[in-house]
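**Student:** Need the 3D shape of this:
(one chain, ligands or ions: 2)
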Amino acid sequence: MVASPPPSIRPDSPELADQAGEWRSAYVHIPFCARICPYCDFAVVEGRQDLVDRYVSALVSEISMSVDWDTLDAVFIGGGTPSQVAPMLIGEILESLNDKFGLVDGVEVSMEANPEDITARSSRGYRAAGVNRLSMGVQSFDDVVLTALGRQHTGGQALRAIEDARSVFERLSIDLMYGDPTETEASWDRTLDSALAAGADHISAYSLTVELGTPLSRAVAAGAPAPDDDVQADRWERAAERLSERLIRYEVSNYATDAPCKYNLATWAQGEYVAFGLGAHGHRNGIRTRNLRRLDRYIETVEAGQRPIAGETVGSGWDRELERLMLGLRRTAGVVAGAAGQKLLEDHPEFVDAGIIEQREGRIVVVKPLLTDTVIREVLAVPPQE
Ligand SMILES: C[S@@+](CC[C@H](N)C(=O)[O-])C[C@H]1O[C@@H](n2cnc3c(N)ncnc32)[C@H](O)[C@@H]1O
Ligand code: SF4
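**Tutor:** Numbering: from 1, shown residues only. Ligands and ions are numbered 1, 2, ... in the order given. Here you go, the predicted structure:
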C-alpha cells in the first residue's frame, strides 16, 4: 500500500507542508511523445521511439553514476510521455533507483501517462513495475477543446482509460487545462463534472499558458485568439468551487482527497531531489542542477561515461530564502514567514490591508490564490535583509 498521511492530516495541513521538506525524492524524465502538442515547452521529442531502449539504458547508467544519497520517499516519472515506454523498462528504471538509493517501505511512485496509452493491461504492467500513482493527462473531456489543443485522445477514450486505471491503481490523478479559446463555460463545467464523477483522488487544473517559442505562441503572434486572463480567472474560480465539493485544494492548482502527491509537496517545501534524464532539474545541498536538453547529446554523453549536467546554480543564502517563500506561498498551508516573509509584510502592508495575504501562527498565507503571482513578483523584489 502507498504511504499516505493519516486521515487526521489534511493535504493542506501546515504540518504536512513543512514535514515534506525532509522527504527525499527522485525525478526521472521521459521525453518521448507520440506527437508534440502545440502549447508544450517541456523537454520532448517526437518520432524518436527508435531511441527508447538506448535512452533507458542511458538513464540506468546515469543513475548508477550519481553520488550516493539517502533512501527515497517519493519518485516522480514525468515527461514527455512515460506511458510511451513499456512497463518492463519502467521497472528497470525503478530497480536501478532501488539499487542505488533504496526506496522506503511505502515509497510513492508517480508516473505521468497519456489516456491513449492506458488500458487495463498496460495499467497492470506499470503497477507490477512499481508505479502506485498514475497521473493521467486528460486536459479536457470536450472533443472540440481536445482537437484545438492538438491532443491525440477523445473525451470518451479518457473516460475508458480512467476506468481501466482505477481498477488497478490505488492513487489516480487527472490533469486538466482550462482557458483554450474554444472552451466555453458550459464545456469547462462538463469537464469538471466528468473529472469528479470519474472518481480521481487528485486533480490538477492548470490555466493554458502561451509559452514562448512554441507553435501556439507563433500562432498567437500571427493573430490566432489567445487565452483571455479574465476568462481564465473565472474558470479557476469555477474549478475551486466545484472540485472543493469532493477534494481539498492544497496548492493554487492542485486538489486531493486524503493523499496529496508526495513529490509535489516535497518540491514546494524546497526539499531535495535527484533528477535523471533529458533536461531534468535536480536540487541538492543548496545547488540546483540541470541536465543537457538535446537528446543525442544526452545519450552520447552518458554512453561516454560522463554525467549529463549542463549547468548548476548556487543561490546565495538570501536567494534561497526568497525561493523558499515563493514556493511555499503557492500552498494553501502557506509558509513560515522567516526573514524574507517579515520583510515582505513590512514593505507591502497593502497586501494584508486588501485581504490578499494573512498572517497565521507565524506563517504567511495567500488567501486570494488568484493573486499569488502578483505577491510572488513582489517577493522577487524584496531586498536582502541588512
Ligand atoms: C508536460 S505534461 C506531461 C504529461 C503528459 N504528456 C500530458 O500531456 O499530460 C504535464 C502537464 O503539464 C500541463 N501543461 C503542459 N503544457 C502546459 C501549458 N502550456 N500550459 C498549462 N499547462 C501545461 C498539462 O496539464 C499536462 O498534463
Ligand atoms: S503536453 Fe504532454 S503529450 Fe503533449 S507534447 Fe507535452 S509532454 Fe508531450
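**Student:** Can you tell me the closest non-neighbouring residue to the residue of the stretch 1-150 of the chain found nearest ligand 1?
**Tutor:** Here the residue of the stretch 1-150 of the chain nearest ligand 1 is Gly137; by C-beta to the nearest ligand atom that distance is 1.7 Å. To be clear about C-beta, it is placed using only N, CA and C from the backbone, and glycine gets the same treatment. The shortest distance from Gly137 to any non-neighbouring residue, by C-beta to C-beta, 6 or more residues apart in numbering, is to Asp175 (4.8 Å).
**Student:** which helices and strands does the one helix or strand Leu59 maps to pack with?
**Tutor:** In this structure, Leu59 sits in helix 52-65 according to DSSP states H and E. On a contact count with 3 or more C-beta pairs under 8 Å, 6 or more residues apart in numbering; DSSP states H and E, helix 52-65 meets helix 87-100, strand 272-276, helix 295-303.
**Student:** angle of that helix against helix 295-303?
**Tutor:** Put simply, helix 52-65 runs at 50 degrees to helix 295-303, going by axes from the mean of the first three to the mean of the last three C-alpha atoms, to 10 degrees.
**Student:** buried residues in helix 52-65?
**Tutor:** Of all the residues in helix 52-65, those buried under the rule 16 or more other C-beta atoms under 10 Å are 52, 55-56, 58-63.
**Student:** Show me the shaky parts of this structure.
**Tutor:** 1-8, 385-386 (pLDDT under 70).
**Student:** So which residues on it come close to ligand 2?
**Tutor:** 33, 36-37, 40, 42, 44, 79-81, 114, 137 (C-beta under 6 Å from any ligand atom).
**Student:** So which of the residues you listed belong to strands?
**Tutor:** Among these, the members falling in strands (DSSP state E) are 33, 79, 137.
**Student:** Any residues of the stretch 151-300 of the chain in contact with ligand 1? List them.
**Tutor:** Counting by C-beta under 6 Å from any ligand atom, the stretch 151-300 of the chain sits next to ligand 1 at 175, 177, 206, 208-209, 211.
**Student:** Give the PyMOL command for selecting the buried subset of the residues you listed.
**Tutor:** In PyMOL, a selection of the buried entries from those looks like this (16+ other C-beta under 10 Å):
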select buried, resi 175+177+206+208
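**Student:** In CSV, list the residues of the stretch 151-300 of the chain next to ligand 1 along with secondary structure.
**Tutor:** As requested, these are exported to CSV (DSSP: H, G, I helix; E, B strand; the rest coil):
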residue, secondary structure
Asp175, strand
Met177, strand
Tyr206, strand
Leu208, coil
Thr209, coil
Glu211, coil
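**Student:** ok, the residues of the stretch 151-300 of the chain next to ligand 1 vs Ala224, which is closest?
**Tutor:** Of all these, Leu208 has the smallest distance to Ala224: 12.7 Å, by C-beta to C-beta.
**Student:** coming back round to it: now the residue nearest to Gly137: how far from Gln19?
**Tutor:** Going from Asp175 to Gln19 by C-beta to C-beta, to the nearest Å gives 25 Å.
**Student:** Kindly report the same for Glu112.
**Tutor:** 25 Å.
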